[in-house]
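> Got a sequence here, can you build the structure:
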Amino acid sequence: MKLDAKAYFFNAKMDYLPYYKNLSIELEKSVPIKELLPMIKKQSSDFSYPETNLYFRLNGMVLDGTQSVEEIVNKLGTELQIDPISTYRSTNGLTINDDDFMQSFELLAPYASEEDKAYYQTLYPLHYASDTFSYNNQYIGDAILLLAYKMITDGNENKEEILDVTSSHYDGLWECEYENNLFHAEDYSTEIAKLKEMAKDAPNKYKPLFARKYKSSEIKHIEGRNVAFYAGIDPLSQSIISNTLEQIESKGATAIRYSKMCKLAGQTLLETNPKTAYLKMGMMLLDAMDSGADLLIVHNEDDAELFKQSIGYCEKIAQRDIRLDIISRSKLMGMIGKAVA
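Presented below is the predicted three-dimensional model:
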């Protein structure tokens, strides 16, 4: 099977910035996808990856490479982007400095048993799969929060200390908007939500002054426009996403693909940590805009209104202008219906 790979290259001793190389690789469907890595190295000797404790990202998903080529292609397709589990911590290609993983454990080490430590070590890939690291490189990680939840529910007598050290920390619990980025899905959103219920104090409310208001413009058609679609994490089938993009293109518009189309955008943080919520929201909107969009179609009507109401705050936090028209998917469908009628 032919795979089109876009591989990450970076050597901290030699390179100022990371870069990618595009390569074509032939692999049998039955072999583990990690066999892709030595074949890349054969074509580009400066490509690097760890020989032990191997974890990396394919199209943003964290995995260990034991999955078959067929399984990968069925889920991700044949165009694959290969990245380290943390580009911020990369030292040489897919090899990273992972000292931060056990540094986070030290927060709970005074209250943890050897069993707790062993459990935490099984959460290594989950730690680096956290989306929060995209916004805060100093975040303590989802794994330590899950350990905190386990220790408390197991009856650890230091409940208050555990909650204090994980939730009062600026880069801790209240930064977390859990999203599953593991190739084999593990949903811990319930555990994170329950841990937040146990914690006492969320950050203070935050709203910058003099933020501009969204200016609505009458949109009668989308022909000739560059249009992005925000799906969020609603349980949308791929067919709905594909259908929406096809509808966009059928009306003479260009459908824009961007990386944060199916990501949370701070919705669950707005009440407890609005500063991070507006940052995430702004980064999603900017991702669409920087990918070429001038109009954003939003699947959920409440999200569409939220983005309009928050756009000025997003600009203040991101320190950039966000020039996008925003409408809901239902309005797009109504527009298409009228055109057909």
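> Distance of D290 relative to Q138?
25 Å (Cβ to Cβ, to the nearest Å). Where you see a C-beta, it was placed from the backbone N, CA and C, and this is true even at glycine.
> Point out where the stretch 101-250 of the chain drops to low pLDDT.
204, 209, 234-237 (pLDDT under 70).
> The one residue sitting closest to the centre of the chain: what's it in contact with?
The chain has D131 as the residue nearest its centroid, 3.9 Å off, counting by Cα atoms, centre = their mean. Counting by Cβ atoms under 8 Å, 6 or more residues apart in numbering, D131 touches E177, E179, N181, K263, L264.
> now K205
P274 are the contacts of K205 under Cβ under 8 Å, 6+ apart.
> try 10 Å this time
Going by Cβ atoms under 10 Å, 6 or more residues apart in numbering, K205 touches E271, T272, N273, P274, K275.
> Please tell me how far it sits from G334.
Applying Cβ to Cβ, the value for K205 to G334 is 36 Å.
> what do you get for V298?
14 Å.
> So which of the two has more stuff around it?
Between V298 and G334, counting by other Cβ atoms under 10 Å, V298 is the more crowded of the two (25 against 12).
> Just give the closest residue to the more buried one, not the sequence neighbours.
In this structure, V298 finds its nearest non-sequential neighbour in A304, 3.8 Å apart by Cβ to Cβ, 6 or more residues apart in numbering.
> three-state assignment of the one you found?
In three-state terms, and counting by DSSP: H, G, I helix; E, B strand; the rest coil, A304 is helix.
> Over to K150?
helix.
> burial of it, as a residue count?
18.
> ok, it - contacts?
A112, E115, D116, Y119, Y120, L123, N156, E191, L195.
> between those, which is closest to K21?
Within those, the smallest distance to K21 is 31.8 Å, found for L123 (Cβ to Cβ).
> Could you verify my assumption that that closest one touches L146?
Yes - using Cβ atoms under 10 Å, L123 is in contact with L146, at 6.1 Å.
> what is in contact with these two at once?
Contacts common to L123 and L146, judged by Cβ under 10 Å, 6+ apart, are E186, Y188.
> any idea how far E218 is from the residue nearest to V298?
Distance from A304 to E218, by Cβ to Cβ: 16 Å.
> for E160, same thing?
E160 is 55 Å from E218, where distance means Cβ to Cβ.
> which one of those two has more residues nearby?
Using other Cβ under 10 Å as the criterion, E160 and E218 rank with E160 on top: 11 against 5.
> Where do the helices of the chain begin and end?
Counting by DSSP state H, one finds helices in the chain at the ranges 36-43, 69-76, 99-105, 114-121, 124-129, 142-153, 159-167, 189-198, 238-250, 274-290, 301-318, 329-340.
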